[in-house]
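**Q** Turn this into a model:
(one chain, ligands or ions: 1)
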Amino acid sequence: MLKDKKILLIISGGIAAYKTLELIRLIRKNNGTVQCILTEGGSQFVTPLSISSLSGHKVYSELWSLNDESEMGHIRLSRGSDLIVVAPASADIMAKMAHGLANDLASTTLLASDKPVLLAPGMNPEMWRNPATQTNTDTLKQRGVMFTGPNDGEMACGETGLGRMSEPEEIFTAITDFFFEKPLKGYSALVTSGPTYEPLDPVRFLGNRSSGKQGYAIAKALRNAGADVTLVTGPTNLPDPQGVRITSIQTANDMLEACTNALPVNIAICAAAVSDWCVDAPQMQKIKKTDDSSVPKLHLKQTPDILKAISTHSKNRPQLVIGFAAETQDLENNAKAKLKKKGCDWIIANEVGIDANGIEKTFGSEENQIHFITQDQNEKWDRASKDSIARKLVQQIINHMDKNNGS
Ligand code: C5P
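**A** You can find the predicted model right below:
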């Protein structure tokens, strides 16, 4: 995969440095070449011996070591690489980069380099949130430095928040994304995802169990293929994918408005589990429970059908519109009927509900099992991770666009 690709990996100070060993392994397993610079801070967490054993190369640390300078000076270290990756990128090294400091081998190499740089920040959440780090991040992004993460979660120090370095697989994906061709470059895509919340009163809502994982995975796979992606999402617990325009909404009406505003696009994928009903008139104040046993009567009305509105849009119908069908029974027939009723081009049908072991089949799960249904095709795809279903779907989209746009 990374054959002939040369990566210069800078490991700066942070507990996440131990995860970088796995990244080195992944790069080498995929035939990439990786040379490493270890900062003084980084050497507090991992040893040069473990890095050189995994990378198969000497590890560089000293700016003024005669050996380092004569064997492979900082200029040559960067010149010989296709991409520089800093993982973990500490607040310190980001500050040095933003301000042009060059007082050790890592910062000097970065300053003397004309190569693309990918940062994987890893630090305490307060350090990440600090306006100084945020300003440095903005400065670096403006200069074209690429970022992966940081992620939200528990830190080694016991605190929780945004600051965890991306996992090695995520950094590896960011690296391969950088090197690979972008077959959907020039195309725009709209993805809907997650549930909608339809308010009953200021504290209660009608919702559903959708986690948004499949829609997010599709948005990321489209982005990786080079598309300009707008993700319109209901409430989820997922981190915002980078490089995707995100509009967060609550209700089906909001989602329709956000989608209509996002048109025209070349491709629309409606993966959201939109609530089919909302209450006629949500109460402005919390509905109180009464002392007797009476219960409030809810008057429901249908929400707008967003997929149908996009599929039948008179002026801005996307070239390819894909809907989802979550069914608990008679999957294929229901999905076929939906294709017609909604006027979309493809339907991704999946079974939802509880399986024989009492486990939810799709909603919230990391995996999915789908049927890919078009006017004249009906393929059952193997059960797989939502990321891998997303990649396979995007490959179908690429093939379709190639065929229909003559490339
Ligand atoms: O009508 P049903 O919910 O079964 O259809 C599912 C498909 O329609 C999904 O693609 C979903 O995103 C979309 N949908 C929509 N607006 C609605 C209901 C469903 O866009 N109000």
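**Q** hey, let's count contacts and neighbours off CA atoms from now on
**A** OK.
**Q** got a pLDDT number for D330?
**A** The confidence metric pLDDT takes the value 87 at D330.
**Q** where's it relative to the ligand, distance?
**A** The spacing between D330 and the ligand, counted by Cα to the nearest ligand atom, to the nearest Å, is 12 Å.
**Q** and that residue, what are its phi and psi?
**A** The phi/psi pair for D330 (degrees, to the nearest 10) reads phi 50, psi 50.
**Q** what does G163 give?
**A** Backbone torsions for G163, taken as degrees, to the nearest 10, come to phi 160, psi -20.
**Q** What is the neighbour count of it?
**A** By the other Cα atoms under 10 Å criterion, the neighbourhood of G163 contains 24 residues.
**Q** if I look at it, how far off is the ligand?
**A** 33 Å.
**Q** Show the pLDDT at that residue.
**A** Looking at G163, the pLDDT reads 95.
**Q** again, but for T362
**A** The pLDDT attached to T362 in the predicted structure is 68.
**Q** And E71, by the same measure?
**A** With respect to pLDDT, E71 has a value of 54.
**Q** Over to I249?
**A** If you check I249, the pLDDT there is 98.
**Q** Next: D240.
**A** Looking at D240, its pLDDT is 87.
**Q** Need the nearest residue in space to it, chain neighbours excluded.
**A** Setting aside the residues directly before and after it, D240 is nearest to I246 in space (Cα to Cα, 6 or more residues apart in numbering), at 7.6 Å.
**Q** Tell me the bridge partners for the one you found.
**A** In this structure, I246 has beta-bridge partners L231, where bridges are defined by DSSP bridges.
**Q** Test my guess that T230 contacts V244.
**A** Yes: T230 lies in contact with V244 (Cα atoms under 8 Å); the separation is 6.0 Å.
**Q** who has more neighbours, the two?
**A** Counting neighbours by other Cα under 10 Å for T230 and for V244 shows that T230 has the greater number, 24 against 17.
**Q** Identify the residues contacting the residue lying closest to E351 once chain neighbours are set aside.
**A** On the basis of Cα to Cα, 6+ apart, the spatially nearest residue to E351 that is not a chain neighbour turns out to be E327, at 5.1 Å. Contact analysis of E327 by Cα atoms under 8 Å, 6 or more residues apart in numbering lists N334, A349, N350, E351, V352.
**Q** Please indicate which of those are buried?
**A** The neighbour count (16 or more other Cα atoms under 10 Å) marks A349, N350, E351, V352 as buried among these.
**Q** Select from these every entry located in strands.
**A** A349, N350, E351 (DSSP state E).
**Q** Quick check on R79: phi, psi?
**A** Taking degrees, to the nearest 10 as the convention, R79 sits at phi -60, psi -30.
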